[in-house]
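[1] Mind looking at a prediction? Sequence and model below.
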Amino acid sequence: MNQDMVFHKSEGNSWFQRNKSVLEKEGKVDWPTYLLNLLDNKSEIRSIAELGCTNGWRLYQLSKKIIGAKLVGVDASLEAIEDGRKRYPELEMHQGLLSQLPIQDEFDIVIVNFVLHWVDRETLIKSDAEIDRVTKDGAFLILGDFLPDCQQRRRYHHLPNERVYTYKQDYARIFESFGTYKEFTRFTYDHDNVEQNSIKPCSSSSRAFCSILHKSLEGYYQEV
């Protein structure tokens, strides 16, 4: 079983049970929401998808600001999805994996925050292709994850007896390498001190980033 299925079958639920009480903790900067708030012309946003949405708490918060937008969430944890369906019935919620997204539409905003480091390396490229598939031409992709000095693989400490890893690297650069995405803005911060909202250096192992990338199928090619 690859590690995507480990999260789909059990560990996604375990993660949700461990963390659901702090998902909306006061005083914590939510960087995807912060970046989305910086966008101009938010009234033109008609649809938002969050891939790795837990119970949809962030989408619900966004629904208060982006009035009338279609809001769709996907997560590996069935318990998180069922919790979200009870709490936020106005959201469209699906259980699924990045590599096999259970949605067909394209979206104006796609959020993928701290998910790609759990994706099995066997399905990383397929997962990136699925993210690209649901990101509309001209849309924005908000991407967050760890940002060490060099790419790292680390044993997942919650499952010490299984070959499950976290893979930490600059995932925004993968999308920029396609030639159809351009990073507009990036924030880096200390993942281990998320309540400390001031700017200060941190170690490579705890550094994280959140980027907003714009997708254009033609706009970033120079015609010669």
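    Alright, I've got the coordinates. Numbering: from 1, shown residues only.

[2] List the buried residues for the lengthiest strand in the chain?
    Identified as the longest strand of the chain according to DSSP state E is strand 135-146. Of the residues in strand 135-146, 135, 139-146 count as buried by neighbour count, 16 or more other CB atoms under 10 Å. Every C-beta, even on glycine, is put in place using the N, C-alpha and C of the backbone.

[3] hmm, who's touching it?
    By CB atoms under 8 Å, 6 or more residues apart in numbering, the residues outside strand 135-146 that reach it are 31-32, 35-36, 39, 106-117, 131, 152, 166, 168-169, 171-172, 175, 181, 184, 191, 207-217.

[4] if we go to 6 Å?
    Residues outside strand 135-146 that contact it (CB atoms under 6 Å, 6 or more residues apart in numbering): 31-32, 35, 106, 108-114, 116-117, 168, 171-172, 208, 210-215, 217.

[5] Tell me the strands beside that strand, with direction?
    Note on strand 135-146: by DSSP bridges, its sheet partners are strand 107-113 (parallel), strand 207-215 (antiparallel).

[6] CSV for those, including distance to Lys25, mean neighbour count and mean pLDDT?
    Below are those laid out as CSV (distance: least, CB to CB, whole Å; neighbours: other CB atoms under 10 Å; pLDDT from 0 to 100):
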stretch, distance to Lys25, mean neighbour count, mean pLDDT
strand 107-113, 15, 24, 98
strand 207-215, 16, 21, 96
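
[7] what are the bridge partners for the residue most central in space within the chain, then?
    Centroid-nearest residue in the chain, with CA atoms, centre = their mean: Val112, separated by 1.6 Å. With beta bridges defined as DSSP bridges, Val112 has these partners: Leu143.

[8] Okay, it and Glu223: tell me how far apart.
    According to CB to CB, to the nearest Å, Val112 stands 31 Å off from Glu223.

[9] related to what we said a few turns ago, quick one: which of the buried residues of strand 135-146 is nearest to Pro102?
    The shortest approach to Pro102 among the buried residues of strand 135-146 belongs to Thr135, at 16.2 Å (CB to CB).

[10] pLDDT value on the closest one, please?
    Here, the pLDDT recorded for Thr135 equals 98.

[11] For beta bridges, what are the partners of it?
    Beta-bridge partners recorded for Thr135 (DSSP bridges): Phe107.

[12] what's the answer for Phe187, then?
    Under the criterion used (DSSP bridges), Phe187 bridges to Cys210.

[13] does it really touch Cys210, like I thought?
    Yes - contact criterion CB atoms under 6 Å: Phe187 and Cys210 qualify, at 5.3 Å.

[14] got any residues that touch both of these two?
    Listed as contacting both Phe187 and Cys210 by CB under 6 Å, 6+ apart are Trp31.

[15] quick one, helices of the protein?
    Using DSSP state H, the helices of the chain run over 3-6, 12-19, 31-38, 57-63, 78-87, 124-134, 171-177.

[16] per-residue confidence averaged over the shortest one?
    Averaging pLDDT along helix 3-6 gives 94.

[17] Need the residues that contact it.
    97, 120, 123, 164.

[18] Try it again at 8 Å.
    Under CB under 8 Å, 6+ apart, the answer for helix 3-6 is 76, 97-99, 118-120, 123, 156, 159, 162-165.

[19] same check, this time on the longest one
    Residues from elsewhere that reach helix 124-134 (CB under 8 Å, 6+ apart): 49, 51, 97-101, 103, 105-107, 110, 112, 116, 119, 141, 167, 174-175, 178, 180, 215.
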